[in-house]
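> Structure for this input, please:
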Amino acid sequence: MNSYDEEEQEIIATFEAGKLKSQKPSPETLERHRSYARSTLSKDQRVNIRLSAKDLEDIKIRAMEEGIPYQTLMGSILHKYVSGRLVEKSSMY
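Just a heads-up that it's a prediction; the model follows:
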């Protein structure tokens, strides 16, 4: 039984028609993924945290969009925060 939605079916059809081509990642993308790998490999402590179900679901969605595990995304966000590289968006009121 086919349980793919319309978008997934379109992707499969495009792939099967040979219309998808591999592209070399940009230097920025490569560096971002290298950073993810470094942070993943250098973990030496475990932390447990309670989050609302909604926040966790949103984190998982964002991680899927980035193509990384959600725990890696959470670790990256925390690392950016403690290193001063995570900045709050200014409101436009």
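
> low-scoring stretches of this structure, by residue?
Counting by pLDDT under 70, the chain has low-confidence residues at 1-2, 90-93.

> show me where it has strands.
For the chain, applying DSSP state E gives no strands.

> Tell me which stretches of it form helices.
6-16, 27-41, 53-66, 70-82 (DSSP state H).

> Out of those, which is closest to Val47?
helix 70-82 (8.8 Å; CB to CB). For glycine as for every other residue, the C-beta is placed from the backbone atoms N, C-alpha and C.

> Next, the buried residues of that closest one.
For helix 70-82, burial by neighbour count (16 or more other CB atoms under 10 Å) applies to Tyr70, Thr72, Leu73, Met74, Gly75, Ser76.

> residues touching the nearest residue to the fifth one once chain neighbours are set aside, list them.
Think Gly75. Spatial nearest neighbour of Gly75, excluding adjacent residues (CB to CB, 6 or more residues apart in numbering): Ser39 at 5.7 Å. Ser39 sits next to Thr72, Gly75, Ser76, His79 when contact means CB atoms under 8 Å, 6 or more residues apart in numbering.

> same thing but 10 Å
Residues in contact with Ser39 (CB atoms under 10 Å, 6 or more residues apart in numbering) are Thr72, Gly75, Ser76, Leu78, His79, Lys80.

> Could you count how many residues lie near Asp58?
13 (other CB atoms under 10 Å).

> got the contact list for it?
Leu51, Ser52, Tyr70.

> next one: Glu10
Here Glu10 is in contact with Tyr4 (criterion: CB under 10 Å, 6+ apart).

> separation between it and Lys19?
11 Å (CB to CB, to the nearest Å).
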